[in-house]
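Student: Kindly generate the corresponding structure for this input.
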Amino acid sequence: MNLSSFITTKERDIGMGLKEGSAYLRKGKHLNRDERIQIEGLWKAGYPPSQVALILGRHVRTIERELERGRVEHLNSDLTRLAVYNADRAQDVHDLNASAKGPPVKLKIHSAAEEIIRLHIVHKRQAPEVVAALMKSAKMEGAVCAKTIYTYIDKGWIQGVSNETLWEKRKRGKKHKSLFRKAKRISAPGHGIGDRPAEVEAREEAGHWEIDLVASGTGQGTAALLTLVERKSRKMIVRKIADKTQRAVQRVLNGIERSMGAEAFKAVFKTLTADNGGEFLDVKALECSVFGGSHRTRVYYAHPYSSWERGTNENGNRMVRRFVPKGSDISKFTCKQIASFEEWINNYPRKILGFRTAEEMFIQQVAA
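Tutor: A predicted model of the protein is given here:
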């Protein structure tokens, strides 16, 4: 026998009269054991669900669902079956359903896991996603997912680690946009970014790079870092230059070509995508080889004020800023220091690469 047979349309309509704005309606809380005992008594006394709802200050549908939850069949003396409501049965069902919602967040993190998380975030400067992936791959006891690590950090359960420790979540100053922009003094020569082959945009093959500069702070000297990032593997090259001039940029590219050889350079550096900075505007010098002046690469230029067109390089520069904060005097960084953080960036597991490193991806592509 279905309990709904005991509920008439008229009773339901009466119970539905408890509008959401009613002073009697109690919302947002589960029924407790005392209320269930009260429901059992009222139901046995013959009160319909609508009146039970009115007495308890609940919606009639809450009472109807509760009656169904605690329904048991009672065998009468004449061997007929009768559906009745039992408060203990309803409470047991409620408790069982509550236990099936999944365990709460762990109140105490595994001590070894806590130390690993702190080590990798604070000292190795890795993101929680990377730490979680490394713990999972190592099948470490106490391994947790990235979301759980963020929860631990938000609740302050990992000593020495906070949102300020996380590079991507630390507070940043507000950017004040100027109402007026100065026009570019020089128009970029050569090919625009719209002329790039489709495979460059789609990252279908290796050998296509984005090039940019990371400058010293205002009043901190002329030294800068020339950065190149390969679009498919995210492999990064960082070189220190004395100033932001065309000659300084050309000197770095020429040096790389001399160390690799003309053919290897041409195979690895198929294209370069630059912004409209004056240091990149001598397209002939950038594209011509130091070995006889033959063609060594093709340079494309992004649109003015469109840094997102070189997003790979911009993201790479953000990683450089972990080691060279804005406002720094780059002349004070040694070549050894620059080489060390270049190595760190290229050996950092990337979520976008399936937690493989740029170095691994680049070597695989070169070998192919």
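Student: switch to C-alpha atoms for all contacts and neighbour counts from now on
Tutor: Will do.
Student: quick one: the strands in the stretch 51-200 of the chain?
Tutor: Using DSSP state E, counting those that start in this stretch, the strands found in the stretch 51-200 of the chain span residues 71-75, 81-85, 191-192.
Student: Out of those, which is closest to residue 52?
Tutor: strand 81-85 (12.9 Å; C-alpha to C-alpha).
Student: Sheet partners, orientation included, of the closest one?
Tutor: strand 71-75 (antiparallel) (DSSP bridges).
Student: show me what contacts the closest residue to residue 220 other than its chain neighbours?
Tutor: Once flanking residues are discounted, residue 220 sits nearest to residue 329: 4.9 Å by C-alpha to C-alpha, 6 or more residues apart in numbering. Residue 329 sits next to 216-217, 220-221, 223 when contact means C-alpha atoms under 8 Å, 6 or more residues apart in numbering.
Student: Now do the host helix or strand of residue 255: which elements does it pack against?
Tutor: Per DSSP states H and E, residue 255 falls inside helix 246-260. Contacts defined by 3 or more C-alpha pairs under 8 Å, 6 or more residues apart in numbering; DSSP states H and E place helix 246-260 against strand 236-241, helix 283-287.
Student: Give me the angle between it and strand 236-241.
Tutor: Put simply, helix 246-260 runs at 130 degrees to strand 236-241, going by axes from the mean of the first three to the mean of the last three C-alpha atoms, to 10 degrees.
Student: Identify the residues contacting helix 246-260?
Tutor: For helix 246-260, contacts defined as C-alpha under 8 Å, 6+ apart pick out 226, 239, 241-242, 265, 278-282, 285-286, 289-290.
Student: try 6 Å
Tutor: 265, 279 (C-alpha atoms under 6 Å, 6 or more residues apart in numbering).
Student: Could you check that helix and say which residues are buried?
Tutor: 246, 248-250, 252-254, 257 (16 or more other C-alpha atoms under 10 Å).
Student: how about these in a markdown table, adding pLDDT?
Tutor: Formatted as a markdown table, these follow (pLDDT from 0 to 100):
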| residue | pLDDT |
| --- | --- |
| 246 | 95 |
| 248 | 96 |
| 249 | 97 |
| 250 | 96 |
| 252 | 97 |
| 253 | 97 |
| 254 | 96 |
| 257 | 97 |
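Student: The protein - how does it break down into domains?
Tutor: 3-99, 104-168, 191-367 (automatic domain parsing).
Student: Looking at the ones you listed, which one is packed in the most?
Tutor: domain 191-367 (a mean of 18; mean count of other C-alpha atoms under 10 Å).
Student: Now do the strands in the stretch 251-368 of the chain.
Tutor: Taking DSSP E, counting those that start in this stretch, the strands of the stretch 251-368 of the chain run over residues 271-274, 298-301.
Student: how far does the last one sit from the chain's center?
Tutor: In other words, strand 298-301. The chain centre lies 31 Å from the centre of strand 298-301; the measure is C-alpha atoms, centre = their mean, to the nearest Å.
Student: repeat for stretch 139-148
Tutor: On C-alpha atoms, centre = their mean, the centre of stretch 139-148 falls 17 Å from that of its chain.
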